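Chemist: Predicted model and sequence below, questions to follow.
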Amino acid sequence: MPNRKLIIGIVAAGLLAGGFTWLWTSREAPAPTVAWGSVDARRVSMAFETSGRIASLAFEEGDRVHPGDLMGTLDVTALTLQRDEARAAADAAAAQWRLAKDGYRAEEIQKQEASVKALLAQLAS
């Protein structure tokens, strides 16, 4: 008979464990936590056609923006300097081109001819 009591005990323990498992898993999940507040975000991704320092921002945090709104401007000081340097280089190249096309001035040609004559005279003596 001890085997019968042992088997009944094991079956009862299994049923008890199964009942507790069923009760535990059948409970509803707890409600999610709800919180109110605001997210403070200052990081903004803005797309400019070139890189540089931001000179001004037209909007503040929380302002509503629409597609096409100008959100900021870049500091163009460095770009202005680059433009002026490029213009100066272009003007210098144009002047050199005119000099090559039109030739030297008559006075410069005469001065060089005189230098050549002086050097030839030195060689002859």
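Modeler: Nice, thanks for sending it over.

Chemist: just the strands in the protein please.
Modeler: 54-57, 72-74 (DSSP state E).

Chemist: For the shortest one, buried residues please.
Modeler: Read that as strand 72-74. Counting neighbours by 16 or more other C-beta atoms under 10 Å, one finds that the buried residues in strand 72-74 are residue 74. Just so you know, the C-beta spots here come from the backbone N, C-alpha and C atoms, and that holds for glycine as well.

Chemist: Give me the distance between that strand and the centre of its chain.
Modeler: Its chain's average C-alpha position is 14 Å from that of strand 72-74, according to C-alpha atoms, centre = their mean, to the nearest Å.

Chemist: again with the longest one
Modeler: For strand 54-57, the separation from the chain centroid amounts to 15 Å (computed by C-alpha atoms, centre = their mean).

Chemist: got it, and stretch 108-117?
Modeler: 60 Å.

Chemist: Then stretch 70-84?
Modeler: Using C-alpha atoms, centre = their mean, the distance between the centre of stretch 70-84 and that of its chain works out at 16 Å.

Chemist: Pull up the distance across it, start to finish.
Modeler: Distance between the boundary residues of stretch 70-84 (C-alpha to C-alpha, to the nearest Å) amounts to 27 Å.

Chemist: returning to what we had before: tell me which of the strands of the chain lies nearest to residue 94.
Modeler: In this view, the strands of the chain are compared for proximity to residue 94 by C-beta to C-beta, and strand 72-74 is the closest at 30.1 Å.

Chemist: Give the other helices and strands that that closest one contacts.
Modeler: Using 3 or more C-beta pairs under 8 Å, 6 or more residues apart in numbering; DSSP states H and E as the contact test, the elements touching strand 72-74 are strand 54-57.

Chemist: Name the surrounding residues that touch the strand it packs on.
Modeler: Contacts with strand 54-57, where a contact means C-beta atoms under 8 Å, 6 or more residues apart in numbering, come from 71, 72, 73, 74, 75, 76.

Chemist: could you pull out the helices for this structure?
Modeler: If DSSP state H is used as the criterion, the helices of the chain fall at 2-26, 77-102, 106-124.

Chemist: and residue 118, how far is that from residue 68?
Modeler: Counting by C-beta to C-beta, to the nearest Å, the separation of residue 118 from residue 68 is 73 Å.
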